[in-house]
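[1] this is the structure alone, sequence omitted:
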DNA sequence: ACCTGAACACCGTTCAAGT
DNA sequence: ACCTGAACACCGTTCAAGT
């Protein structure tokens, strides 16, 4: 279904791969938006929330965030859909949020701040999912390198200790920072 | 130009608002993608980087991130474009990165980590720009509330001290956490 | 209940023809 | 150099007609 990237995720494309007329799809789904919601919800079921059961909060958020980003980095066209559509009638999505909320509560988070913390983490995750798909030369300054010498030098010196890709290194750094920062917030609010 | 949200940002729509045939646009721009890049670059020029000149790093990142998010939260359809397209030949964008990089260097950041830190912050900013446009009832669980009681309770208890909107509260929390976490990273790496 | 086929109102883009 | 108008290959969606 995701064979051809998302080029194929068109009503006619999907219809063709099912050997059916495009209009036939509307017997099973109200609109394309509906279809995307269905796919999105099934993907949410693949996000790993198991660490919230028995791991310390920092560990659990780390595992969850990595899994969440990995699932959606192969499905970037769905990000606007998840980011903007209500969770109503999305059972897997609700189960995911339920497990995460329970983990936060168990770690001693005040319930009034939990949703904000989850939303903040998700914002970072969605943005990072885009970043995974960025081309390697996204920061190549081209003809105008002379205009931004300091930046150009920093791009050239960018390096990560392990064998991580650039996107992975940025995600790791940001996630570690956000987890540490959030933990500090909840300790002395 | 942004009058009708982004409904109007279609080649035919733009052509009509210029009282010209759609095909005439291709005398001035190679493709729609090109046009979006032009708009994106001009928006980058509106991001406030002035605080990097004379403010402490934490302050400067705070001001910059807020401005960055505000500029692009009114232009969400451009986010996939910024997130995935090279900065080549985008002069305003390069100037923005140059100012930010200089600010990081001045604050004592090691040059190999600066780009990763900027990318992490940007990922959070892009995700947050989406969130600003999310409907108020995005977490309304609907019929399935019983499936996720803890989450439903947390959503109901969500509250922010000031008069901030939900999206703003989540952005504030996340930004503060990330800034504090990044600062800690650079102090003892 | 589920399908087809024609139709509609759109997209972005190309290209010959004009001035 | 810049425009028009027709054309092309697509979109998502509707709807009468079939089984």
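    Yes, it's here. Predicted model, so just to flag it, every value in this text is computed and none were measured. Numbers count the residues shown, from 1 in each chain, chains lettered A, B, ... in the order given.
[2] shaky segments in chain A?
    A:1-8, A:160-163, A:188-189 (pLDDT under 70).
[3] DNA strand C contacts on that one?
    Contact residues, chain A versus DNA strand C (CB under 7 Å from any atom of the strand): A:19, A:20, A:21, A:22, A:23, A:24, A:27, A:28. Yep, even glycine has a C-beta here, placed from its N, CA and C like the rest.
[4] what is the burial count for the last one?
    Burial of residue A:28 is recorded as 10 neighbouring residues (other CB atoms under 10 Å in any protein chain shown).
[5] now swap in the third one and tell me
    Number of residues near residue A:21 (other CB under 10 Å) recorded here: 10.
[6] list the contacts of the closest residue to it other than its chain neighbours.
    The spatially closest residue to residue A:21, leaving aside those adjacent along the chain, is residue A:15, at 6.1 Å (CB to CB, 6 or more residues apart in numbering or on different chains). Taking CB atoms under 8 Å, 6 or more residues apart in numbering or on different chains as the criterion, residue A:15 is in contact with A:21, A:22, A:24, A:25.
[7] where's residue A:135, which helix or strand?
    Following DSSP states H and E, there is no helix or strand that holds residue A:135.
[8] helices or strands next to the strand or helix carrying residue A:116 in the packing?
    Element membership for residue A:116, per DSSP H and E: helix A:111-132. Judged by 3 or more CB pairs under 8 Å, 6 or more residues apart in numbering or on different chains; DSSP states H and E, helix A:111-132 is in contact with helix A:57-73, helix A:79-84, helix A:91-106, helix A:166-187, helix B:79-84, helix B:111-132, helix B:149-157, helix B:166-187.
[9] tell me the secondary structure for the residue of chain A most remote from its centre?
    In terms of distance from the mean C-alpha position of chain A, residue A:146 ranks first, at 35.1 Å (CA atoms, centre = their mean). At residue A:146 the chain is in helix, as set by DSSP: H, G, I helix; E, B strand; the rest coil.
[10] where's it relative to residue A:152, distance?
    According to CB to CB, to the nearest Å, residue A:146 stands 8 Å off from residue A:152.
[11] next: residue A:64.
    Relative to residue A:152, and taking CB to CB, residue A:64 is found at 36 Å.
[12] more neighbours: which of those two?
    Using other CB under 10 Å as the criterion, residue A:64 and residue A:152 rank with residue A:64 on top: 24 against 20.
[13] excluding its backbone neighbours, what's nearest that one?
    residue A:49 (5.8 Å).
[14] and the one you found, its phi and psi?
    phi -110, psi 10 (degrees, to the nearest 10).
[15] quick check: it touching residue A:97?
    No: Residue A:49 is beyond contact range of residue A:97, at 9.1 Å (criterion: CB atoms under 8 Å).
[16] which of these two has more neighbours?
    Neighbour comparison, residue A:49 and residue A:97: the larger count goes to residue A:97, with 26 against 20 (by other CB under 10 Å).
[17] save the helices and strands packed on helix A:111-132 as CSV, and put in distance to residue B:34 too.
    CSV is the format used below for those (distance: least, CB to CB, whole Å):
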stretch, distance to residue B:34
helix A:57-73, 26
helix A:79-84, 22
helix A:91-106, 37
helix A:166-187, 25
helix B:79-84, 11
helix B:111-132, 21
helix B:149-157, 42
helix B:166-187, 31
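[18] for those helices, which one sits closest to residue A:43?
    Residue A:43 lies closest, by CB to CB, to one member of the helices and strands packed on helix A:111-132: helix A:57-73, at 5.4 Å.
[19] now do the buried residues in the closest one.
    Buried residues in helix A:57-73, counted by 16 or more other CB atoms under 10 Å in any protein chain shown: A:57, A:60-69, A:71-73.
[20] so which elements touch that helix?
    By 3+ CB pairs under 8 Å, 6+ apart, helix A:57-73 packs against helix A:32-44, helix A:51-54, helix A:91-106, helix A:111-132, helix A:166-187.
[21] 10 Å instead?
    Helices and strands touching helix A:57-73, by 3 or more CB pairs under 10 Å, 6 or more residues apart in numbering or on different chains; DSSP states H and E, are helix A:32-44, helix A:51-54, helix A:79-84, helix A:91-106, helix A:111-132, helix A:166-187.
[22] most packed of these?
    Most buried of the helices and strands packed on helix A:57-73 by mean neighbour count (mean count of other CB atoms under 10 Å in any protein chain shown) is helix A:111-132; its value is a mean of 24.
[23] tilt between it and helix B:149-157?
    In terms of direction (axes from the mean of the first three to the mean of the last three CA atoms, to 10 degrees), helix A:111-132 departs from helix B:149-157 by 100 degrees.
[24] near DNA strand D, which residues of chain A?
    Counting by CB under 7 Å from any atom of the strand, the residues of chain A near DNA strand D are A:10, A:11, A:12, A:13, A:22, A:23, A:26, A:31, A:32, A:33.
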